[in-house]
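Participant: Output the structure for:
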Amino acid sequence: MTHFTRRLFLGSLLAASMAAAAGAWADAKPVRILVGFPAGGGTDAIARTLADRLKDELGRPVIVENKPGAGGQLAAQTLKASPPDGSTYFLSHDHTISILPLVMKNPGYDSARDFVPVAGFASFVNAFALSSGTPAKSLPEYVNWVRSQGGGKGTIGVPAPASTPEFLVKVLGERYNLDLVPVPYRGSAPLIGDMLGNQIAAGTGSVPDFIEHHKAGRLRVAAVLGPKRQAILPDVPTLAELGIAGFEDLPYYGVFAPAGTPKAVIDEFAQALSKVIAQPEVRTRLTDLGLTVEFMNSAQLAARERAYAKSWAEIIRKSGFQPQ
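Facilitator: Sure, this is the predicted structure:
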């Protein structure tokens, strides 16, 4: 076989192999990852980071599908109605899975009955942030500024109604004897849009939602929840340091599947996810978004969810909030 013939032969083999792989990829049923918040927010960025690598581990196309509205409720209802065949998953933080069932009489799903935990991949903290047009640089300065502006009345944006950020607004109002009104948005992206445009002076949400804009100086994270300061925000105090206790439990991110999804399918996805978050580039990206990367298998995620829901059930009870 001449050199030219050998090259032609090898080229044909490569082309055939690529065509076969492309055909197999085209025949594979795509995996949907539902996200309950708009594109451009922290949860969306996390989902797209993972989906980009999951497709290689699973050998199937992985599509992020945004179902914004009602604090993730629409996405959760979509998951409940999806076939349990491993084609649809829900990437969510604590709010939709743990909190909404505590604050709504009928959210349209029961987390324990309708979903099965697949795997957890991170924890994070929520934060209190200030718009750049607000003269206050810290939470105490914000309190003084509100008192000087309108007799102690102010508005604080929250990414969803009846969420942990909304309860934080209530606690801040009681702690400082202010009339603080939570303004609910349809996710963090529109909230941050209004903060960047100085349409609202302050907002609460997750560190992943705020961190990029904080780094760029477009807004200021003034306090974080959780038991300790965050490595990515070493100069930002915790609420506990400011004398506000009760927000030490860390929320989580996890992936959930419809009830009835076979264990083998769940294990396959969980294994793929564990490999993806172990990749240095992915871990760095998630850390830069303000996450603490930690893998939790199905049983560990289920236990984390139960403990978190129990803790917040007590906070909600003490607040006097009545399920809507």
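Participant: just checking, what packs against the longest strand anywhere in the chain?
Facilitator: Criterion DSSP state E: the longest strand present in the chain is strand 115-123. On a contact count with 3 or more Cβ pairs under 8 Å, 6 or more residues apart in numbering; DSSP states H and E, strand 115-123 meets helix 73-80, strand 252-258, helix 263-278, strand 292-296, helix 298-319. (Glycine included, C-beta is placed from N, CA and C.)
Participant: so what are the domain limits for the chain?
Facilitator: For the chain, automatic domain parsing gives the domain ranges 29-124+250-319, 126-224.
Participant: Generate a markdown table for those, with mean neighbour count, mean pLDDT and distance to residue 241 as supplementary columns.
Facilitator: Listed next are the domains of the chain as a markdown table, based on neighbours: other Cβ atoms under 10 Å; pLDDT from 0 to 100; distance: least, Cβ to Cβ, whole Å:
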| stretch | mean neighbour count | mean pLDDT | distance to residue 241 |
| --- | --- | --- | --- |
| domain 29-124+250-319 | 19 | 94 | 16 |
| domain 126-224 | 20 | 92 | 8 |
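Participant: For residue 132, which of the helices and strands packed on strand 115-123 is the nearest?
Facilitator: When those are ranked by proximity to residue 132, the top entry is strand 292-296, at 27.1 Å, counting by Cβ to Cβ.
Participant: now the angle between helix 263-278 and that closest one, please.
Facilitator: 160 degrees (axes from the mean of the first three to the mean of the last three Cα atoms, to 10 degrees).
Participant: Strand 292-296: partners in the sheet, and parallel or antiparallel?
Facilitator: strand 115-123 (antiparallel) (DSSP bridges).
Participant: Tell me which other helices or strands whichever helix or strand comes after the partner strand touches.
Facilitator: Sequence-wise, the next helix or strand downstream of strand 115-123 (DSSP states H and E) is strand 126-131. Applying 3+ Cβ pairs under 8 Å, 6+ apart, one finds that strand 126-131 contacts helix 164-176, helix 188-196, strand 202-206, helix 207-215, strand 219-224.
Participant: Mind checking those for the one nearest to residue 99?
Facilitator: With Cβ to Cβ as the criterion, residue 99 lies closest to helix 164-176 of these, at 6.1 Å.
Participant: for that closest one, the distance to its chain's centre please.
Facilitator: A distance of 21 Å separates the centroid of the chain from that of helix 164-176, by Cα atoms, centre = their mean, to the nearest Å.
Participant: Can you dump the C-alpha atoms of that helix in PDB for me?
Facilitator: Extracted in PDB, the C-alpha atoms of helix 164-176 (Å, rounded to 0.1, in the frame of the first residue of the first chain):
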ATOM      1  CA  THR A 164     -36.100  32.600  52.100                       C
ATOM      2  CA  PRO A 165     -35.000  36.000  50.900                       C
ATOM      3  CA  GLU A 166     -38.500  37.300  51.600                       C
ATOM      4  CA  PHE A 167     -38.400  36.000  55.100                       C
ATOM      5  CA  LEU A 168     -35.000  37.600  55.500                       C
ATOM      6  CA  VAL A 169     -36.600  41.000  54.600                       C
ATOM      7  CA  LYS A 170     -39.200  40.400  57.300                       C
ATOM      8  CA  VAL A 171     -36.600  39.600  59.900                       C
ATOM      9  CA  LEU A 172     -34.500  42.700  59.000                       C
ATOM     10  CA  GLY A 173     -37.600  44.900  59.400                       C
ATOM     11  CA  GLU A 174     -38.300  43.500  62.800                       C
ATOM     12  CA  ARG A 175     -34.600  43.600  63.900                       C
ATOM     13  CA  TYR A 176     -34.200  47.300  63.000                       C
END
